[in-house]
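In: I would like to see how this sequence folds:
(one chain, ligands or ions: 2)
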Amino acid sequence: MAGRWRNSLGWSDVTPEAAYLNRRQVMAGAAALGLVAGPARADALVPNTWDEITSYNNFYEFGTGKDDPRNKAGRLTTDPWAVEIGGLVDRPGSYDLADILKGVSLEERIYRLRCVEAWSMVVPWVGFELADLLNRVGVQPSARYVAFQTLHRPAEMPGQRSAIIDWPYVEGLRLDEAMHPLTIMATGLYGRDLPNQNGAPIRLVVPWKYGFKSIKSVVRITLTADEPPTSWNLYAPREYGFYANVNPDVDHPRWSQATERRIGGGLFAPRQPTLMFNGYADEVAGLYAGMDLARFY
Ligand SMILES: Nc1nc2c(c(=O)[nH]1)N[C@H]1C(S)=C(S)[C@@H](COP(=O)(O)O)O[C@H]1N2
Ligand SMILES: [Mo]
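Out: Numbering: from 1, shown residues only. Ligands and ions are numbered 1, 2, ... in the order given. Presented below is the predicted three-dimensional model:
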């Protein structure tokens, strides 16, 4: 799919220097092309700062504190890195990250991120559409879901030495969700390589779902016929469903999801209303036509 967008970045372009200098042009180009998806609410699409995005994180493999990932993820080895792609695909195998990146075009995508804990940010990711990767490995007709798995390496991931959740962290999407053009695999942030605390070297980003669906540091992608198990659903099935679409009308059993606290807004900033499908309803509501969203939460 290279060359589809006028502003496509090649991997060689995404050196910190080159991409950073070009960032303003890239972002302007992305907005002009409609890559900055969602309703026109200018304030909500001002990205959070690099510091905010890289110092307030959920990455339980490094601990449950918001600053644990920043403080403890530094020594995670992210090179070499391979992703095992298997299940119902024509060309299963262990794909080196460098080879995966050779066949895709990297783009900047400025997306809202809404955590199920009712805080939010706006993040300028660099990534590529998951559909491009899945099409390259060839999805077989019997595949209906995509399962993802995070690295399991307790020696470098201290949180994995405690039974916080069952390791490794696993997530999943329905195939049509995975193939949706908004669904990306991110490898960068603000035109730089992804910091370890944000899921280096490659993580999923699904902007219309609660943040926990966007699984970090992915080492395995498996196409399946049946709905795969997901970590937070296994942990508390009544609180976290498979779908986890952002929905201001369906509260978490222990708190409201109607509003959210924007990180970086300051102590006295008013909470902002949470948008249906996190602001991406025009693009994704059709995926759930006829479904009872309170039942499939
Ligand atoms: N492997 C793994 N992926 C994960 C998590 C995690 O603990 N482990 N936390 C999730 C949650 S709850 C959120 S809100 C986002 C946070 O992404 P960020 O730190 O890049 O903002 O990552 C998600 N992906
Ligand atoms: Mo989250």
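In: Around ligand 2, pick out the residues from the stretch 1-150 of the chain.
Out: Proximity of the stretch 1-150 of the chain to ligand 2 (CB under 5 Å from the ion) is limited to residues 58, 115. Bear in mind the C-beta positions are built from the backbone N, C-alpha and C, glycine included.
In: and the stretch 1-150 of the chain, which residues reach ligand 1?
Out: 57, 58, 59, 60, 61, 113, 115, 150 (CB under 6 Å from any ligand atom).
In: any idea where the helices of the stretch 1-150 of the chain begin and end?
Out: 16-32, 50-55, 68-72, 97-102, 130-137 (DSSP state H, counting those that start in this stretch).
In: OK, contacts around residue 257?
Out: Taking CB atoms under 8 Å, 6 or more residues apart in numbering, we find residue 257 in contact with 116, 118, 246, 247, 248, 249, 250, 251, 274.
In: out of those residues, which are buried?
Out: 116, 118, 246, 247, 248, 274 (16 or more other CB atoms under 10 Å).
In: In a markdown table: those, plus distance to residue 215 and pLDDT.
Out: Listed next are those as a markdown table, based on distance: CB to CB, whole Å; pLDDT from 0 to 100:
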| residue | distance to residue 215 | pLDDT |
| --- | --- | --- |
| 116 | 14 | 98 |
| 118 | 20 | 98 |
| 246 | 16 | 98 |
| 247 | 20 | 98 |
| 248 | 24 | 98 |
| 274 | 22 | 98 |
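In: which residues in this structure form strands?
Out: Ranges of strands within the chain are 82-87, 93-96, 107-114, 119-129, 145-150, 170-174, 184-189, 192-193, 203-205, 218-224, 259-262, 272-273, based on DSSP state E.
In: Output the below-cut-off pLDDT ranges for the protein.
Out: Residues of the chain that meet the criterion pLDDT under 70 lie in 1-44.
In: Looking at it, which residue is nearest ligand 1?
Out: Closest residue of the chain to ligand 1, CB to the nearest ligand atom: residue 211 (2.5 Å).
In: Nearest residue to that residue in space, please, no chain neighbours.
Out: Closest residue to residue 211 apart from its sequence neighbours, by CB to CB, 6 or more residues apart in numbering: residue 115 at 4.2 Å.
In: from memory that neighbour sits against residue 58, does it?
Out: Yes - the pair residue 115 / residue 58 is scored as a contact, 6.7 Å apart, by CB atoms under 8 Å.
In: picking up where we left off before, which one of the buried ones among the contacts of residue 257 is nearest to residue 203?
Out: Among the buried ones among the contacts of residue 257, residue 116 lies closest to residue 203 (CB to CB), at 16.9 Å.
In: out of everything not next to it in sequence, what's closest to that closest one?
Out: Counting by CB to CB, 6+ apart, the residue nearest residue 116 is residue 210, at 4.0 Å.
In: Can you get me a residue count around that neighbour?
Out: Counted with other CB atoms under 10 Å, residues neighbouring residue 210 total 25.
In: show me the contacts for it.
Out: 114, 115, 116, 244, 245, 246.
In: what about 6 Å?
Out: Listed by CB atoms under 6 Å, 6 or more residues apart in numbering, the contact partners of residue 210 are 116, 244, 246.
In: Now distance to residue 285 too, for the buried ones among the contacts of residue 257, in a markdown table please.
Out: Listed next are the buried ones among the contacts of residue 257 as a markdown table, based on distance: CB to CB, whole Å:
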| residue | distance to residue 285 |
| --- | --- |
| 116 | 20 |
| 118 | 22 |
| 246 | 12 |
| 247 | 11 |
| 248 | 14 |
| 274 | 15 |
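In: any idea which residue sits dead centre in this structure?
Out: Of all residues in the chain, the one closest to the mean position by CA atoms, centre = their mean is residue 205, 1.8 Å from it.
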